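Undergrad: Need a 3D model of the sequence below.
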Amino acid sequence: MPSDIDVKNLLEAGAHFGHKTSRWNPKMAPYIHSKRGGIHIIDLTKTALAIEDAMHFLSDITASGKQVLMVGTKRQARDIIKQTAISTKQPYVTERWLSGLLTNWNTIGGRVKHLKDLELRMESGELASRYSKLEVQRYQEEIDELNHKYGGIKDLHGRPGALYVVDIVTENNAVREANRLGIPVVAIVDSNADPTLVTYPIPANDDAIKTIDLITGLVRQAIETGISKKDKAVSTAKIEHRKES
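TA: Numbering: from 1, shown residues only. Got it, this is the predicted structure:
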């Protein structure tokens, strides 16, 4: 996990550009450096400090064995979030946030279980052996549709340890559900948003692909560090257990 966040890299990624001053949220005042051409300029020294705190937290969360649910449904974030989540084996949402995904997990989880059961039956050849080609095709279409909705959360083990969110205005439903359940939220928060809604706000441009990619890359490193710590702890525990035996 990076111990020092390079402000120069944030600057080059355009992380300092906020929204028009007319669209700002006054609660972002502590993170605003200045105004330029009718646009708020975010204080990147505070962004760097916020990133460092957030990355330590995410590393600790994954080291404890908990998952980080990654959320980014806007066009600029979708591919970055999905690729990062897949590479770190974390659950993700890059399509529409499903109402009750966190607060009504029993129902959502039932649909996920149905999807996984269908996939297993398809892969084993059970469906092909019992049904006609047309019926199998319809089952495949159902699997594809369910994957579109639930594919990113197929391996979500109940309540996640934290959420990582790009743009809390767009993802307000996800943030609201996490807050209701007391799940910590790490998020990129632009000048038009309320940073008090999240546990670890990272003040930065949430529209620029370069900014999203840079910060999400640091999130990936933090998660990988945490997973490495967890794996090392498990390995050490096994060695100690063998010694005692």
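Undergrad: State the distance from the residue most central in space within the chain to Ala233.
TA: The chain has Met70 as the residue nearest its centroid, 1.3 Å off, counting by CA atoms, centre = their mean. Counting by CB to CB, to the nearest Å, the separation of Met70 from Ala233 is 24 Å. Just so you know, the C-beta spots here come from the backbone N, C-alpha and C atoms, and that holds for glycine as well.
Undergrad: After the helix or strand containing Phe57, which helix or strand is next? Please name it.
TA: For Phe57, the host element (DSSP states H and E) is helix 44-63. Per DSSP H and E, helix 44-63 leads on to strand 68-71 as the next helix or strand towards the C-terminus.
Undergrad: quick revisit: now the helix holding Phe57: buried residues?
TA: 44, 46-48, 50-52, 54-63 (16 or more other CB atoms under 10 Å).
Undergrad: Give me the below-cutoff pLDDT ranges for the chain.
TA: Within the chain, the stretches with pLDDT under 70 are 1-4, 237-245.
Undergrad: what about the helices in it?
TA: 7-12, 44-63, 75-88, 105-124, 126-130, 133-150, 172-181, 209-244 (DSSP state H).
Undergrad: Could you single out the most deeply buried of those helices?
TA: helix 44-63 (a mean of 20; mean count of other CB atoms under 10 Å).
Undergrad: Quick one: closest of the helices of the chain to Pro30.
TA: helix 44-63 (7.4 Å; CB to CB).
Undergrad: relative to helix 209-244, how tilted is the closest one?
TA: Angle of helix 44-63 versus helix 209-244, following axes from the mean of the first three to the mean of the last three CA atoms, to 10 degrees, is 30 degrees.
Undergrad: Need the residues that contact helix 44-63.
TA: 1-7, 10-11, 15-16, 30-31, 33, 68, 161-162, 164, 184, 186, 199-204, 215, 218-219, 221-223, 225-227, 229-230, 233 (CB atoms under 8 Å, 6 or more residues apart in numbering).
Undergrad: go on, stretch 90-107?
TA: 67-73, 77-79, 81-82, 84-86, 108, 148-150, 152-156, 158-160, 171, 173-174, 177-178, 180-181, 183, 223.
Undergrad: swap the cut-off to 6 Å and go again
TA: Applying CB atoms under 6 Å, 6 or more residues apart in numbering, the contact partners of stretch 90-107 are 67-71, 73, 78, 81-82, 85, 108, 152-153, 156, 173-174, 177, 180-181.
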